[in-house]
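1. Here you go, sequence then predicted model.
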2 protein chains.
Amino acid sequence: MTVQQSGRRERKKAATRQKIADTALRLFLERGYDAVGIRDVAAEADVAVTTLFSHFASKEALVFEQDEDFERRLTRAVTDRAPHEPLVPALRREILALVRHCTADSAAPIWRMIDASPALRKYDDSVRLRHAEALAAAIAADPTLTRSETAARTLARFVIDAYSLSREAPDPEAALDEIFPMIEAAWAAARPPHLT
Amino acid sequence: MTVQQSGRRERKKAATRQKIADTALRLFLERGYDAVGIRDVAAEADVAVTTLFSHFASKEALVFEQDEDFERRLTRAVTDRAPHEPLVPALRREILALVRHCTADSAAPIWRMIDASPALRKYDDSVRLRHAEALAAAIAADPTLTRSETAARTLARFVIDAYSLSREAPDPEAALDEIFPMIEAAWAAARPPHLT
DNA sequence: AACGTAACACTAACGGTTAGCTTTTCCTAA
DNA sequence: TTAGGAAAAGCTAACCGTTAGTGTTACGTT
């Protein structure tokens, strides 16, 4: 049983992970994602290739280092909202915040790089689907919502679609203004679950 | 200028492509997707590895050989529907047909294989997104639909979501019965485009 | 102080994919 | 009919992400 660690080990591990991520992002932005190899990143971060892969599951994952934050924020928008606050407006607020975060000037070079690389775009797609599943689980777990599993999953997909479509739109916030009324209507039309 | 070919070349090319696809699918189903290498497929189909990759962009593409059919059927459901037939019911009919096609017993082993392989699932996700874009373009091009570009893209995503969610559901057709009323409501709530 | 183990390193390989180049096969225009 | 052009296919050799196998170091515990 491992209990009560002083923390040096954990801190060193976190530092290694961060150094790898920082180095990777810097090299990718300097030379382009495709022009930088895993061996380059490992050498520049002064770690072994195997160490790099013990911290990140793939080369693409180096770019999406903080996607767990994204997922947590989404599910918390469901679970931590004020009592009796309607679901969809809460999700809309969170998606708006996330879209603003992604379209901020500081994040622009990263997203330009992602858009330029088919591998990264594909990875982003699959990440979004994972987030949709997590969101669906959070929605389905809310006892105040009397909707079926299928409706929960559907709403989750639609909300993630809103995020993705908004990011791609020329005017992201205007796109959200257009998409979320559609989602509201869809959610209102969702049937309650069958009681068997 | 190249014009008027007898067709032997094209037929041979199509035959080679088909032989590769058939061999690949057979080997994948016999031994498992991960257990069969590209070199195995090429050898068994009696072609060079480079030839294989001149017909298929990736190993995963071997499994999704006919995804262009899928895309064509979707866009035609929009463009070839009866005059003044409402859009969403037409799409619903087509999605239902496609879901039935995928969940038929004959297709079951293939989809079991896809579900078992993360690489194939990921590829399927990206294929669906491509189809959503094609569908969005078809919807946006219909002059009888007075909706914005964003609304068209949103509807396309929702429809593709319906397909994907339905395929994964325990009762696919019941899922469609639940999801499409939501899509109807969303489409009804979509704003007409701004006239500038 | 000694042991267990998590983190990291090293080498070598595997498997998908591509570049570079040659050969074969088909089409067409003289 | 044939010569020339080009598409299709072939071969070799490599690139690059990723992993297996096997130590080694550094930390935490007993």
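-> Cool, the structure landed. Numbers count the residues shown, from 1 in each chain, chains lettered A, B, ... in the order given.

2. how about the residues of chain A near chain B?
-> A:122, A:125-126, A:129, A:148, A:150-151, A:153-154, A:157-158, A:161-162, A:164-165, A:169, A:174-175, A:178-179, A:181-191 (CB under 8 Å from any CB of the partner chain). Heads up, the C-betas are built off the backbone N, CA and C, glycines and all.

3. and the residues you listed, which of them are in strands?
-> Using DSSP state E, no member of these falls within strands.

4. show me what contacts A:Val49?
-> A:Val49 sits next to A:38-39, A:42 when contact means CB atoms under 8 Å, 6 or more residues apart in numbering or on different chains.

5. Neighbour count for those - can I get that in JSON lines?
-> Shown next, in JSON lines, are those (neighbours: other CB atoms under 10 Å in any protein chain shown):
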{"residue": "A:Ile38", "neighbour count": "15"}
{"residue": "A:Arg39", "neighbour count": "10"}
{"residue": "A:Ala42", "neighbour count": "19"}
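
6. Mind putting these into CSV with distance to B:Ala134, pLDDT and secondary structure?
-> Shown next, in CSV, are the contacts of A:Val49 (distance: CB to CB, whole Å; pLDDT from 0 to 100; DSSP: H, G, I helix; E, B strand; the rest coil):
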residue, distance to B:Ala134, pLDDT, secondary structure
A:Ile38, 34, 98, helix
A:Arg39, 38, 97, helix
A:Ala42, 40, 98, helix
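
7. between these, which is nearest DNA strand C?
-> DNA strand C lies nearest to A:Ala42 out of the contacts of A:Val49, by CB to the nearest atom of the strand, at 7.5 Å.

8. okay but that closest one is in contact with A:Phe53, surely?
-> No - using CB atoms under 8 Å, A:Ala42 is not in contact with A:Phe53, being 9.0 Å away.

9. rewinding a little: among the contacts of A:Val49, which one lies nearest to A:His84?
-> Of all the contacts of A:Val49, A:His84 sits closest to A:Ile38, with 50.0 Å by CB to CB.

10. and the gap between A:Ser54 and A:Ala61?
-> Distance, A:Ser54 to A:Ala61, using CB to CB, to the nearest Å: 12 Å.

11. ok, back up a step: could you let me know which of the contacts of A:Val49 ends up closest to chain B?
-> Lowest distance from chain B to these (CB to the nearest CB) belongs to A:Ile38, with 18.3 Å.

12. what's the neighbour count on A:Arg8?
-> A:Arg8 is flanked by 8 other residues according to other CB atoms under 10 Å in any protein chain shown.

13. pLDDT value on it, please?
-> For A:Arg8, the pLDDT comes out at 87.

14. try A:Glu68
-> So A:Glu68 comes in at 89 (pLDDT).

15. neighbours of it, just the number please.
-> Counted with other CB under 10 Å, A:Glu68 comes out at 11.

16. That one: helix or strand, and which one exactly?
-> Secondary structure from DSSP states H and E places A:Glu68 in helix A:67-79.

17. B:Pro118 versus A:Ala61, what's the distance?
-> On the measure of CB to CB, A:Ala61 and B:Pro118 end up 13 Å apart.

18. Compare the two (neighbour count), which wins?
-> A:Ala61 (16 against 10).

19. quick one: secondary structure of the more buried one?
-> Under the three-state scheme (DSSP: H, G, I helix; E, B strand; the rest coil), A:Ala61 adopts helix.

20. can you tell me which residues contact the nearest residue to it once chain neighbours are set aside?
-> Once flanking residues are discounted, A:Ala61 sits nearest to A:Tyr123: 7.6 Å by CB to CB, 6 or more residues apart in numbering or on different chains. Listed by CB under 8 Å, 6+ apart, the contact partners of A:Tyr123 are A:58, A:60-61, A:63-64.
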